[in-house]
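Peer 1: could you work out the structure for the sequence below:
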Amino acid sequence: MMNLKKAWDEKVEDLGEEYGWKEELPEKEEEIQEYLTDALSNYIKNRNNYVVNGAVICCDQMSRKDVIIEKKFATAKISGEMGSKEMAAPGTKGAMTLGKTVYHVSDNNEIVRKLSATHAKEQTSNGIRFATVTDRICLRAKEERGLPVDASIVSMGNCKIFCEGDVEEIEKRKEKALLYGTCYCLIKPGEKWINPPCIENLANSSGDEICVEEEHHKTMEWSTLHGDQEGLTMFSTLLCTRGGIITVEDSGQIEMYNSDKESFDSIFEFKERYEELIQELIERYDVHMEISTIGKIMYVESSGDGYDEEGKLTIRFENHVFLSEIENDERKVNEFEKYFQCEPGNWRNHKIKVGDKFEVLHGEEIDNDLQYLALEYAKSIDSEAAYRSISMGVGQLMGFNYDVLGYMSAEEMFEKISSGYANQIEGMIKFIKKENLDEKDIEEFFRNYNGDNVENYMERYVNAVW
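Peer 2: Model (predicted):
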């Protein structure tokens, strides 16, 4: 329990600095306890501070250093941040075996250290599922035991702790360990996350139990498939029976505005409202680009317009992309020719059937209603291919990039991006990082982001404002 108390105390320190509790503490000692109690209680009761799907978690036994396994004869040496240990080498049976495997986890592996909220599917914040104390199933257990539930945790990276039998556990899951780190093979999470028993006791620096009301300041409960379950906050902890304490590093919540589909009269209004969010996301995803660069790219792509006047997501349907998606199905191609005209692989001269004649689909100003008509035609031929063939929102991300952004389908991507500017902006910044576009100069950026017509995009970028 003392280890948990230490973890909670550290959270009080961190959040105290973030929310300015320390700076505002009363001068009198007897008033400090009451102040901290109220501050922490209000924090727990604020649903905006609860953990959601995609939160970042960490373990106090998590290591960023490589784990190395060297096998020689019938023994193996496992080495890492905390030193090395000799143990039996699996499968050698006394025969001479030489080998060395280095388990390195890249900082760009976004699956590692992410928490998936799998139970409270109808309980959301801005469309993102809340996490509960039951979200602790690790991917290894699901895969190897065939559990009929979704996994919540993949891995923390590499584990600092070395126990007898670890080499065998790692080596028989070698491919997964090379992808996700040794934690994938070794993690043994407790039955549930643990929330502090009482905020008064948490705020009390002496460690004494000062409150006896068992239900006092209980965390919120969300309705799940397994009944009502407590939600996770930044104070929640999950014990690993190997000796680690897993805590929440980032709740995953992004501020959403009251009217997150509002249209703008100018890019300057867009900047005033979302510049702070863009900067937050740049830091979260460690994107090596200036905020002004990303702002100007958004201006080039969409002038900051993610929605039309009716609140529908701005899209651009690409005939040639849809044709390439269905080209191996003769029936679908025949249907395509009833509604669309284009040259294979050519983004120019796209036309769409309107009434009895074909009209230009992409004029100087994009007609969003016409784009949705194209989408509906395409959905009648192949729905998922249709969603893969549109660019969406303020960043004009193509639907065929859905898997890069972590979605199960292009249609799911469309639904999420339709929910607000915050999801659109995050999707664009995440895509830039995943594709390493922040490491390229601006001309090469547009070549990778948009493909052809780089000169046109460069001209617009030079003249862009932010």
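Peer 1: any idea which helix or strand comes after the lowest-mean-pLDDT helix or strand in the chain?
Peer 2: When the helices and strands of the chain are scored by mean pLDDT, DSSP states H and E, helix 199-203 comes last with a mean of 58. Going down the chain from helix 199-203, the next helix or strand is strand 221-224, by DSSP states H and E.
Peer 1: other SSEs contacting that next one?
Peer 2: strand 227-230 (3 or more Cβ pairs under 8 Å, 6 or more residues apart in numbering; DSSP states H and E). In this view, the C-beta of every residue, glycine as well, is placed from N, C-alpha and C.
Peer 1: name the residues that touch the strand it packs on?
Peer 2: 119-120, 132-134, 193, 195, 218-222 (Cβ atoms under 8 Å, 6 or more residues apart in numbering).
Peer 1: can you list the strands that that strand pairs with?
Peer 2: strand 221-224 (antiparallel) (DSSP bridges).
Peer 1: what's the average pLDDT for the partner strand?
Peer 2: Regarding strand 221-224, the rounded mean pLDDT is 82.
Peer 1: pull the distance from it to the chain's centre.
Peer 2: Computed by Cα atoms, centre = their mean, to the nearest Å, the chain-centroid distance of strand 221-224 equals 22 Å.
Peer 1: identify the residues contacting the most centrally placed residue in the chain.
Peer 2: With distances taken as Cα atoms, centre = their mean, the residue of the chain nearest its centroid is G54 (4.5 Å). By Cβ under 8 Å, 6+ apart, the contact set of G54 is 114-116, 128, 252.
Peer 1: relative to Y285, how far out is it?
Peer 2: 12 Å (Cβ to Cβ, to the nearest Å).
Peer 1: kindly report the same for R173.
Peer 2: 29 Å.
Peer 1: and K353, by the same measure?
Peer 2: 41 Å.
Peer 1: again, but for K440
Peer 2: Distance from K440 to Y285, by Cβ to Cβ: 16 Å.
Peer 1: and I278, by the same measure?
Peer 2: Distance from I278 to Y285, by Cβ to Cβ: 11 Å.
Peer 1: quick one, which of those two is more surrounded?
Peer 2: The neighbour comparison of I278 against Y285 (other Cβ atoms under 10 Å) goes to I278, with 21 against 17.
Peer 1: buried set for the host helix or strand of that one?
Peer 2: Counting by DSSP H and E, the element that carries I278 is helix 267-284. Using 16 or more other Cβ atoms under 10 Å as the test for burial, helix 267-284 gives 267, 270-271, 273-274, 277-278, 281-282, 284.
Peer 1: lowest-confidence one in these?
Peer 2: I267 (79).
Peer 1: do you know how far the nearest residue to it once chain neighbours are set aside is from K416?
Peer 2: Ranked by Cβ to Cβ, 6 or more residues apart in numbering and with sequence neighbours excluded, the top spatial neighbour of I267 is G304, at 4.7 Å. For G304, the distance to K416 equals 19 Å [Cβ to Cβ].
Peer 1: three-state assignment of the residue nearest to C58 when sequence neighbours are not counted?
Peer 2: Excluding the flanking residues, the one nearest C58 by Cβ to Cβ, 6+ apart is E249, at 4.8 Å. Following DSSP: H, G, I helix; E, B strand; the rest coil, E249 is assigned to strand.
Peer 1: so E249 touches M62, yeah?
Peer 2: No. Using Cβ atoms under 8 Å, E249 is not in contact with M62, being 10.3 Å away.
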